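[1] Build me a model from this:
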Amino acid sequence: MHEKDARRLHEETLVIDAHNDSIVALIRRGNLRLDGAQRPDDAEREGAVAYLRQYIRPLGERIQLDIGKMRQGGLNAAFFAVDCTRPWGNHLLYLMDALGYFFREVEEFGADILIAHSASDIERAHAENKLAAILAVENSDALEKSPHVLPLLHRLGVRAMTLTHSTRSWAGDGCEVEGGSGLTGFGRRLVEQLNELGIVVDVSHLNEPGFWDVVKMTDAPFMATHSCCRALCEHPRNLRDEQLKALAEKGGVVGITFVPFFISSTEATLAGLLDHIEHAVSVAGIDHVGLGSDFDGGGDLLTDATQLPEITAGLAARNYTEADIRKILGGNQLRLLRQIIG
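    As a prediction, the model looks like this:
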């Protein structure tokens, strides 16, 4: 496939990114607007995220994902996650502050973007030349161990939850906890509640015992929204082949991430990222692999969302068919979302 044909294919395809940290990144750079612009006075109006995490100065620099970059890179829909790990003792406040900021931005830029509550919302947005945001919570500590918070978050539009971060949480141990165990009682009940509500269970950051607990008990497909392959890079955030196979058997999807040190322990390249996609396809199958950039959270292999067409060109150069490229770019995630969130 010629490069021109690959660009056409990218522009015509529904492209979905399974993970970014752009909400918090926009706030920490001075409460930037969703178009990446700076409001004259917003850096003086600190909320909980800005207070607890502080602004990154100089303000306004180096945002990987905003409305303009999404459009330029042909990114039609993305999981906008709020990582609630670091604000100890203030997890829920931090989440609500971030969501409140994002709702304000979506309202202002309603002609460009909407919050998707269902897969049909994503398709409708695409048909109307709008972008779609799928709200996600990274680290269930945001629930403060309450069974009553999650239904409220679902009403607000949250449709995915990463069970843990890499550390120990109330739901279970993350992938970097030495000698960690599986899901706690709270974590097991949480998986059941996520299934009941129709919220995607995300196992990125979860350790191996916890992963296998999810496999045993979940009724629905699940995702690893931003992970790579352990066979190619020995990092605890990456999935072993046995995990990729189990995820596929459940109907799940792995979003291959752009974090350099998950791609290679020496030098990460675009070819290396494509190798991870190719390995995941060979192990899990073409129906179970997607993209999970981790833009604005460490996904620095690509400069920003404008470079996403390079992945399509790279897959085309490796002789993937148009149908298979469409699956990787977004079709597999859309299928999973139809099944889980409706």
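
[2] So for the longest helix along the chain, what gets flagged as buried?
    In the chain, taking DSSP state H as the definition, the longest helix is helix 91-108. Neighbour-count burial for helix 91-108 flags 91-99, 101-102, 105-106 (criterion: 16 or more other CB atoms under 10 Å). C-beta: built from backbone N, CA, C; applies to glycine.

[3] Please apply the same query to stretch 275-289.
    Buried residues in stretch 275-289 (16+ other CB under 10 Å): 275-281, 283-284, 286-289.

[4] now these as CSV including pLDDT and secondary structure?
    Formatted as CSV, the buried residues of stretch 275-289 follow (pLDDT from 0 to 100; DSSP: H, G, I helix; E, B strand; the rest coil):
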residue, pLDDT, secondary structure
275, 98, helix
276, 98, helix
277, 98, helix
278, 98, helix
279, 98, helix
280, 99, helix
281, 98, helix
283, 98, helix
284, 98, helix
286, 98, helix
287, 98, helix
288, 98, helix
289, 99, strand
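
[5] Of all pairs in those residues, which one spans the longest distance?
    275 and 287 (19.5 Å; CB to CB).

[6] Now flag whichever of the buried residues of helix 91-108 is closest to residue 69.
    So of the buried residues of helix 91-108, ranked by how close each gets to residue 69 (CB to CB), first place is residue 105, at 14.6 Å.

[7] correct me, but the closest one touches residue 36?
    No. Residue 105 is beyond contact range of residue 36, at 11.0 Å (criterion: CB atoms under 8 Å).

[8] Any chance you could list what contacts stretch 169-186?
    139-141, 143, 145, 163-168, 187, 190-191, 205-210, 212-214, 236-237 (CB atoms under 8 Å, 6 or more residues apart in numbering).

[9] how about the strands in this protein?
    For the chain, the strands defined by DSSP state E occupy 16-20, 77-83, 113-115, 131-138, 158-162, 200-202, 223-227, 253-256, 289-291.

[10] Rebuild those as TSV, extending it with distance to residue 59.
    Listed next are these as TSV, based on distance: least, CB to CB, whole Å:
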stretch	distance to residue 59
strand 16-20	20
strand 77-83	20
strand 113-115	22
strand 131-138	23
strand 158-162	28
strand 200-202	31
strand 223-227	26
strand 253-256	30
strand 289-291	29
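
[11] one step back: the longest helix of the chain packs against which elements?
    helix 22-28, helix 48-53, strand 77-83, strand 113-115, strand 131-138 (3 or more CB pairs under 8 Å, 6 or more residues apart in numbering; DSSP states H and E).

[12] swap the cut-off to 7 Å and go again
    The contact analysis (3 or more CB pairs under 7 Å, 6 or more residues apart in numbering; DSSP states H and E) places helix 91-108 against helix 22-28, helix 48-53, strand 77-83, strand 113-115.

[13] Minimum distance to residue 252: which of these has it?
    Closest among the helices and strands packed on helix 91-108, once you apply CB to CB, is strand 77-83, at 14.4 Å.

[14] what is the orientation angle of that closest one with strand 16-20?
    With axes from the mean of the first three to the mean of the last three CA atoms, to 10 degrees defining the directions, strand 77-83 sits at 10 degrees from strand 16-20.

[15] who does strand 77-83 pair up with?
    The pairing partners recorded for strand 77-83 under DSSP bridges are strand 16-20 (parallel), strand 131-138 (parallel).

[16] Can you give the contact residues for it?
    Here strand 77-83 makes contact (CB atoms under 7 Å, 6 or more residues apart in numbering) with 16-24, 65, 95, 98-99, 102, 116, 122, 131-139, 160, 162, 165, 225, 297.

[17] Averaged pLDDT, it. What do you get?
    pLDDT averaged over strand 77-83 equals 98, rounded to a whole number.

[18] roughly how far apart are residue 213 and residue 188?
    7 Å (CB to CB, to the nearest Å).

[19] Measure how buried residue 314 is and give me the count.
    With neighbours defined by other CB atoms under 10 Å, the count for residue 314 comes to 18.

[20] Not counting its neighbours along the chain, what's nearest it?
    Counting by CB to CB, 6 or more residues apart in numbering, residue 274 is the residue found nearest to residue 314 once chain neighbours are left out, at 4.7 Å.

[21] Run a quick neighbour tally on the one you found.
    19.

[22] Next one, pLDDT for it please.
    98.

[23] a markdown table please, covering the buried residues of stretch 275-289 and showing distance to residue 12.
    Output for these, formatted as a markdown table (distance: CB to CB, whole Å):
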| residue | distance to residue 12 |
| --- | --- |
| 275 | 26 |
| 276 | 25 |
| 277 | 20 |
| 278 | 23 |
| 279 | 27 |
| 280 | 24 |
| 281 | 21 |
| 283 | 28 |
| 284 | 25 |
| 286 | 19 |
| 287 | 20 |
| 288 | 23 |
| 289 | 20 |
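
[24] I'd like the buried residues of helix 91-108 laid out as JSON lines, including pLDDT and distance to residue 230.
    Listed next are the buried residues of helix 91-108 as JSON lines, based on pLDDT from 0 to 100; distance: CB to CB, whole Å:
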{"residue": "91", "pLDDT": "97", "distance to residue 230": "29"}
{"residue": "92", "pLDDT": "98", "distance to residue 230": "33"}
{"residue": "93", "pLDDT": "97", "distance to residue 230": "36"}
{"residue": "94", "pLDDT": "98", "distance to residue 230": "31"}
{"residue": "95", "pLDDT": "98", "distance to residue 230": "30"}
{"residue": "96", "pLDDT": "98", "distance to residue 230": "35"}
{"residue": "97", "pLDDT": "97", "distance to residue 230": "35"}
{"residue": "98", "pLDDT": "98", "distance to residue 230": "31"}
{"residue": "99", "pLDDT": "98", "distance to residue 230": "33"}
{"residue": "101", "pLDDT": "96", "distance to residue 230": "36"}
{"residue": "102", "pLDDT": "98", "distance to residue 230": "33"}
{"residue": "105", "pLDDT": "96", "distance to residue 230": "37"}
{"residue": "106", "pLDDT": "98", "distance to residue 230": "37"}
